[in-house]
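Engineer: any chance you could fold what I've pasted below:
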Amino acid sequence: MTAAADHSGSMAVEQLADQLHALLLPGVQSSAPSRQRLADKLQQVVVYLQQNCKGIASPAALAVAPQNDADTPDNVKRPSTDEAEVPVVAAVQQAAVMPVSRKHRRKLAKPFLIESFQQRYVALEVFYLGWQYHGFASQCGTEGTVEGLLFNAMRKAKLIAEGATWQQVNYSRCGRTDKGVSAAGQVIALLLRSASKTGEPALLEEDEMDYSLKLNKELPRDIRVLAWCTVPADFSARFSTAHREYTYFIVQHGQLDIAAMQQSATYFVGEHDFRNFCKLDLEHVKSFRRRILDFQVKEMQPAGTDGRALYALHVKGTAFLWHQVRCMAAVLMMVGQKLEHPDVVQQLLDIEQNPCKPQYRYASEEPLLFSRCVYKNIRMRVSDRSRLQTLQIIEHAADQHRMGSSIYMNLAEKLKSDTYNVHQTINNERHSHGVSAAPYVKLLKREKEPDIAQRLRAWSERQSECSEAM
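Structural biologist: Presented below is the predicted three-dimensional model:
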């Protein structure tokens, strides 16, 4: 293409951009950015017109069209000069090459600027089924955390700026849950965009946008913002809480002594040093004293035809250590199976007699639920629409799990029936590779983990080595 053709094509592009702007945004003054956005699409427009519209021979189209056979792509149909000419703008309009919705028109006319809106400091109550997530808290190099998905949803909904830091939005959370743990009442607090613009009167809470609805549109179905409310500037989701509640679900089919578990659970109530009931986090925790307000073993669902009942270990406390609830649940399960005496809890809480934690496994994470955070003078709000939408999703998920449970129970009944010709195993040890079950060792007689002083010395040495290496 010659220099003259290039110049002609450039002028034609600008002319067509003005025409398209006038067509798509009538009454709006053409600006350089908007014209440039339209001009960037002209190559696609011309190719489309050449393929689908007859007789396009206007200077604007021909200026950017191929000028000879060598320049013409194989999939582009060249216009015929024998056919009637069709004005480019009319062809665009008739072929609907660039259909623009009202929302898109507003976006083109005036880009969204989050800085032009006021902010509101809010607390959000969040539910999530944590079985498929890598915990609540965001972690460097780890995807699939609930917190990470919440922040992605806030950015998509334009409630926080794209590059906003936690400090800039004054972010806090009530607690953090491990991989596989769920929550029905996790609470976070941060500054979110308000519906009112800068310079306008601040909206009343009842006139504000529905943050639950807005965020739930961007979240997976197993993460829901249940409710929200405005909170004062000095509010902290972590430090303003009066107490936290956890629930650990267990299935009882005759093997557990529930009365012994309840007796043992009462020994947790009060303020104690829980170093023998947690995973030590010496980098962030200096004191292991925590206050438990209540601990109950409750029947949640009576036994059905299969003889299985659902119970819950429900604990209230002002704060909890890492894995504390799972450690307490593990020891109570040993008591329920009559492997330990109920007073083993009292003995493990006596750190003078037992300063080192015996080795034992934590209870599984899937049955653990972070039930709720309780605050004084804070009342969450939820609209009927948001509540009903969430209720429908939760009830549908519950039905799915009921059907899955029924399938498993049906299979269990089949295996118990006389459907199969069951023969006795001659040598049980052969099928267990010759390994018999190890005898149970009482907690207080097991090997102990290093005490806190030893751990602190080891941690300090590692820190020194890291500093020297840097």
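Engineer: please make it C-alpha for all contacts and neighbour counts, starting now.
Structural biologist: Will do.
Engineer: in the protein, which residue is most central in space?
Structural biologist: Residue closest to the average C-alpha location in the chain (CA atoms, centre = their mean): residue 146, at 2.5 Å.
Engineer: contacts only, for the closest residue in space to it that isn't next to it in sequence.
Structural biologist: Leaving aside its chain neighbours, residue 146 sits nearest to residue 136 (4.7 Å; criterion: CA to CA, 6 or more residues apart in numbering). By CA atoms under 8 Å, 6 or more residues apart in numbering, residue 136 lies in contact with 130, 145-147, 176-179.
Engineer: from residue 258, how far off is residue 136?
Structural biologist: 31 Å (CA to CA, to the nearest Å).
Engineer: now the strands for the chain?
Structural biologist: 117-128, 172-173, 182-197, 223-230, 241-252, 270-273, 289-301, 309-317, 368-375 (DSSP state E).
Engineer: now these in CSV, with distance to residue 332 and mean neighbour count?
Structural biologist: Putting the strands of the chain into CSV (distance: least, CA to CA, whole Å; neighbours: other CA atoms under 10 Å) gives the following:
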stretch, distance to residue 332, mean neighbour count
strand 117-128, 26, 22
strand 172-173, 29, 18
strand 182-197, 21, 22
strand 223-230, 30, 23
strand 241-252, 11, 20
strand 270-273, 17, 14
strand 289-301, 10, 17
strand 309-317, 9, 20
strand 368-375, 14, 21
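Engineer: tell me which of those sits nearest to residue 389.
Structural biologist: With CA to CA as the measure, strand 223-230 is the member of the strands of the chain nearest residue 389 (10.1 Å).
Engineer: which neighbouring elements make contact with that closest one?
Structural biologist: strand 117-128, helix 211-216, helix 384-416 (3 or more CA pairs under 8 Å, 6 or more residues apart in numbering; DSSP states H and E).
Engineer: which strands or helices does the second one pack on?
Structural biologist: It stands for helix 211-216. Partner elements for helix 211-216 (3+ CA pairs under 8 Å, 6+ apart): strand 223-230.
Engineer: now do the strand it packs on, average pLDDT.
Structural biologist: Mean pLDDT, computed over strand 223-230, is 97.
Engineer: chain center to it: distance?
Structural biologist: In terms of CA atoms, centre = their mean, to the nearest Å, the centre of strand 223-230 is found 13 Å from the chain centre.
Engineer: report the backbone C-alpha coordinates of that strand in CSV.
Structural biologist: Output of strand 223-230 as CSV, limited to C-alpha atoms (Å, rounded to 0.1, in the frame of the first residue of the first chain):
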residue,chain,number,x,y,z
ILE,A,223,-19.5,-19.6,50.0
ARG,A,224,-22.2,-17.1,51.0
VAL,A,225,-22.3,-13.7,52.7
LEU,A,226,-25.2,-14.2,55.1
ALA,A,227,-25.6,-10.7,56.4
TRP,A,228,-23.9,-7.4,57.0
CYS,A,229,-24.0,-4.2,59.1
THR,A,230,-22.3,-0.9,59.5
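Engineer: please enumerate residues in contact with it?
Structural biologist: So strand 223-230 is contacted by 120-129, 146, 205, 211-213, 215-216, 378-382, 386-387, 390 (CA under 8 Å, 6+ apart).
Engineer: please redo it, this time with the cut-off set to 7 Å
Structural biologist: If you take CA atoms under 7 Å, 6 or more residues apart in numbering as the criterion, strand 223-230 is touched by 121-129, 212, 216, 379-382.
Engineer: tell me the one among these nearest to residue 187.
Structural biologist: Looking across the contacts of strand 223-230 and measuring by CA to CA, the closest to residue 187 is residue 125, at 4.6 Å.
Engineer: enumerate every residue touching that closest one.
Structural biologist: So residue 125 contacts 185-188, 225-228 (CA under 7 Å, 6+ apart).
Engineer: could you report the neighbour count for residue 214?
Structural biologist: Using other CA atoms under 10 Å, residue 214 is surrounded by 18 other residues.
Engineer: still on that earlier bit, okay, the strands of the chain in TSV with distance to residue 439 next?
Structural biologist: Listed next are these as TSV, based on distance: least, CA to CA, whole Å:
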stretch	distance to residue 439
strand 117-128	39
strand 172-173	44
strand 182-197	34
strand 223-230	43
strand 241-252	23
strand 270-273	30
strand 289-301	28
strand 309-317	27
strand 368-375	28
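Engineer: out of those, which comes closest to residue 262?
Structural biologist: strand 289-301 (5.6 Å).
Engineer: only C-alpha atoms, please: export the closest one in PDB.
Structural biologist: Taking C-alpha atoms only, strand 289-301 is exported to PDB below (Å, rounded to 0.1, in the frame of the first residue of the first chain):
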ATOM      1  CA  ARG A 289      -3.900 -19.600  78.700                       C
ATOM      2  CA  ARG A 290      -7.500 -19.400  77.300                       C
ATOM      3  CA  ARG A 291     -10.900 -19.200  78.900                       C
ATOM      4  CA  ILE A 292     -13.700 -21.700  78.000                       C
ATOM      5  CA  LEU A 293     -17.100 -20.500  78.900                       C
ATOM      6  CA  ASP A 294     -19.200 -23.600  78.200                       C
ATOM      7  CA  PHE A 295     -18.700 -27.100  76.800                       C
ATOM      8  CA  GLN A 296     -21.700 -29.300  76.000                       C
ATOM      9  CA  VAL A 297     -22.200 -32.700  74.400                       C
ATOM     10  CA  LYS A 298     -25.600 -32.400  72.700                       C
ATOM     11  CA  GLU A 299     -27.800 -34.800  70.800                       C
ATOM     12  CA  MET A 300     -28.600 -33.200  67.400                       C
ATOM     13  CA  GLN A 301     -30.500 -36.000  65.700                       C
END
